[in-house]
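J.: Predicted model and sequence below, questions to follow.
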Amino acid sequence: MKFGADRIFALSIMPLLGIFCVLLLCLNPFLNPGPLFYSQVRMGKNRRAFRMIKFRSMSTALGRSRAHDAGLEESRITPLGRFLRKHRIDELPNMINVLRGEMSVIGPRPDAWSHAKHYCREVPLYDRRFAVRPGITGLAQVETGYADGKDATMLKAEKDLHYIRNYGFRQEARIVRKTFRVVFTGHGAR
């Protein structure tokens, strides 16, 4: 049932995604030169690799990877990218991943492949997050924000496991409410 609901929701968002694609195609050459989309291999359900799609928010001038415990590369985020991230608009193309069955609307956020492999070794119970499809939003994202480093990832994993153990309509509704707050206010965004 959740998979069907996810797909219906993703299909309903496609017109909005189209509008943002056209708008960003016009703004991108001036405010964020380079490709419109960014994709990265992430670890999904049952530790399967998939390529997650986002609107690009960082300059293409430097490399793509960062160390497992490094801070976010704030200097690479473009002004347009900062706005997209603040309101989570950069995540809209994730709806394509939902339609493909690689992601859910709500679930543990998928980490980059190399980070996920690292944290499977370093963070207790981290690998249990892969029992469900990863999500565009989730309990860990709305309650802890971005996780950077081992301690933050441990907290994120605890929240994700709480979500998995207590899955249900009420919890999902609460996550949706909190997600709207983040999207419309930018609260909790970097």
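T.: Now that the structure is in, tell me what you want to look at.
J.: Just the element for the residue sitting furthest away from the middle of the chain, please.
T.: The outermost residue of the chain relative to its centre, with distances by C-alpha atoms, centre = their mean, is F30 at 25.5 Å. Per DSSP states H and E: F30 is located in helix 2-31.
J.: And R42, by the same measure?
T.: Using DSSP H and E, R42 falls within strand 37-43.
J.: returning to what we had before: which strands or helices does the helix holding F30 pack on?
T.: helix 79-86, helix 94-99, strand 104-106 (3 or more C-beta pairs under 8 Å, 6 or more residues apart in numbering; DSSP states H and E). For glycine as for every other residue, the C-beta is placed from the backbone atoms N, C-alpha and C.
J.: Make TSV out of the ones you listed and add mean neighbour count.
T.: What follows is these, written out as TSV (neighbours: other C-beta atoms under 10 Å):
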stretch	mean neighbour count
helix 79-86	18
helix 94-99	22
strand 104-106	26
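J.: do you know which of the ones you listed lies nearest V142?
T.: Of all those, it is strand 104-106 that lies closest to V142, at 9.7 Å by C-beta to C-beta.
J.: Return the set of buried residues in the strand holding R42.
T.: For strand 37-43, a neighbour-count test (16 or more other C-beta atoms under 10 Å) marks Y38, Q40, R42, M43 as buried.
J.: partners of the first one in the sheet?
T.: Y38 forms beta bridges with K54, as assigned by DSSP bridges.
J.: Isn't it up against R56?
T.: Yes: applying C-beta atoms under 8 Å, one finds Y38 in contact with R56, separated by 3.9 Å.
J.: Could you report the neighbour count for I89?
T.: By other C-beta atoms under 10 Å, the residues close to I89 number 21.
J.: Run a quick check on it versus I19, I expect a contact.
T.: No: counting by C-beta under 8 Å, I89 sits too far from I19 to count as a contact (10.8 Å).
J.: still on that earlier bit, show me what the strand holding R42 is packed against.
T.: strand 49-55, helix 113-122.
J.: Now with 10 Å, please.
T.: Under the contact criterion of 3 or more C-beta pairs under 10 Å, 6 or more residues apart in numbering; DSSP states H and E, strand 37-43 touches strand 49-55, helix 94-99, helix 113-122.
J.: How about residues contacting that strand?
T.: Outside strand 37-43, the residues within contact range by C-beta atoms under 10 Å, 6 or more residues apart in numbering are 21, 24, 48-58, 60, 64-65, 81, 90, 93, 96-97, 102-103, 109-117, 119-120, 127, 129-130, 134.
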